[in-house]
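Asker: structure for the following, please:
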Amino acid sequence: MTTQQLRLAVIVASTRQGRFGPVVADWFVDRARRHGGFDVDVIDLAEVALPATLTDFGAPQPAAVDALAPRLAGADAFVVVTPEYNHSYPATIKIAIDWYRDEWRAKPVGFVSYGGLSGGLRAVEHLRTVFAEVHATTVRDTVSFHGCWDKFDESGAPVEPQGCDSAAKTVLDQLGWWGRALREARERVPYAA
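Answerer: Presented below is the predicted three-dimensional model:
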């Protein structure tokens, strides 16, 4: 049984100017590092700048796509930090999912969502079906911030940390279980897709 830390890629999905995502992501990354079971890699899609136009199958990939591939491939688990745009997720996360295939396969995905009344939960529900198509498994629980702009103070700390800290621990515990189980399974037998 492998006991080394899991490599957790935290993906910041929003690239919008003035976005709130980094506040939420910074808080979650701090919780993931404190959890103790994860080596955390933050992938901010605003910095990666993946092209929106996909190449033909077999054609060379753009440099930005090639540069991100090893970070995704090296991850044992993912967390997507996402807002809700127009009742769903931002196009940038769909682009990131669509550029890759094997990198997602047989790995767990958790979600931290934020937004207005729904707290980004509709984005999460849509992303669950997309990740299922690339053979990733999503964990049941999420962290969700409804009316997120009032949930954090000026320093980026939650104003009521107990509930969100507990939710983060639950998601991280589930990712830890699935991450270890799936990593061990991938090491034993190649995933059949």
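Asker: the nearest residue to residue 91 once chain neighbours are set aside sits in which helix or strand?
Answerer: Once flanking residues are discounted, residue 91 sits nearest to residue 52: 7.4 Å by C-beta to C-beta, 6 or more residues apart in numbering. C-beta: built from backbone N, CA, C; applies to glycine. Here residue 52 sits in a region with no helix or strand, counting by DSSP states H and E.
Asker: give me the pLDDT for residue 52.
Answerer: Residue 52 is assigned 95 on the pLDDT scale.
Asker: backbone dihedrals for it, please?
Answerer: Dihedral pair for residue 52: phi -80, psi -20, per degrees, to the nearest 10.
Asker: that one touches residue 96, doesn't it?
Answerer: No: using C-beta atoms under 8 Å as the test, residue 52 is too far from residue 96 to be in contact (10.7 Å).
Asker: more neighbours, these two?
Answerer: residue 96 (22 against 9; other C-beta atoms under 10 Å).
Asker: the more buried one is in contact with residue 49, isn't it?
Answerer: No: under the criterion of C-beta under 8 Å, residue 96 makes no contact with residue 49, lying 10.7 Å away.
Asker: which parts of this structure are helices?
Answerer: Ranges of helices in the chain, per DSSP state H, are 21-35, 45-48, 63-74, 91-99, 121-133, 161-188.
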